[in-house]
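Trainee: Structure for this input, please:
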Amino acid sequence: MIDRLKRLTKKKDKFLRQLPDASRVLRASLVERYLTCGRANCRCSKGHKHGPFYYLSITLGVGKTKQIQIRPEQRALARQWIKNYRKTKILLEQISQINQEILQIKDNDTR
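Mentor: Residues are numbered from 1 along each chain as shown. Okay, the predicted model is just below:
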């Protein structure tokens, strides 16, 4: 059991080192939109829409979504932060699973 505990701890440490910096995570989706302005003589009324415009779509709660427009030059940073969030979520799930196994091993040791 001690060998298994060591293996799990080593695996958990590996995942912990892979966690992105928490100050660089963003729970959102990046949306690209092309819009029409509504003016009858504008080229967008003939299919050549304005854009692209970039928005962060953020779910606030059940059925509530907020969209925030960002500048095109912020797009790469937003993508990276969203990627970091997704990676963090996956790694935390793996760490949680390992912690569960560690607790089970320690519980069996005390019996």
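
Trainee: any idea how far the residue lying farthest from the centre of the chain lies from residue 53?
Mentor: Taking CA atoms, centre = their mean, the residue of the chain most remote from its mean C-alpha position is residue 41, at 41.4 Å. From residue 41 across to residue 53, the span is 21 Å (CB to CB, to the nearest Å). C-beta coordinates here come from the backbone N, C-alpha and C atoms, glycine included.

Trainee: ditto for residue 61
Mentor: Residue 61 is 25 Å from residue 53, by CB to CB.

Trainee: okay, these two: which has more neighbours?
Mentor: Between residue 61 and residue 53, counting by other CB atoms under 10 Å, residue 53 is the more crowded of the two (15 against 6).

Trainee: Now that one: which helix or strand?
Mentor: strand 50-61 (DSSP states H and E).

Trainee: After that strand, which helix or strand is next?
Mentor: Taking DSSP H and E, what comes next after strand 50-61 is strand 64-70.

Trainee: Please identify the buried residues of the next helix or strand along the chain from that next one?
Mentor: For strand 64-70, the following helix or strand on the C-terminal side (DSSP H and E) is helix 75-109. Within helix 75-109, the residues that count as buried by 16 or more other CB atoms under 10 Å are 78, 81, 82, 84, 85, 88, 91, 95, 98.

Trainee: okay but the fourth one is in contact with residue 25, surely?
Mentor: Yes: with contact defined as CB atoms under 8 Å, residue 84 and residue 25 form a contacting pair (4.7 Å).

Trainee: Format the buried residues of helix 75-109 as a markdown table; extra columns: pLDDT.
Mentor: Formatted as a markdown table, these follow (pLDDT from 0 to 100):
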| residue | pLDDT |
| --- | --- |
| 78 | 98 |
| 81 | 98 |
| 82 | 98 |
| 84 | 98 |
| 85 | 98 |
| 88 | 98 |
| 91 | 98 |
| 95 | 98 |
| 98 | 97 |
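
Trainee: Show me the shaky parts of the chain.
Mentor: 109-111 (pLDDT under 70).

Trainee: mind redoing it with 80?
Mentor: 1-2, 106-111 (pLDDT under 80).

Trainee: rewinding a little: what are the pairing partners of the strand holding residue 53, and which direction each?
Mentor: strand 29-35 (antiparallel), strand 64-70 (antiparallel) (DSSP bridges).
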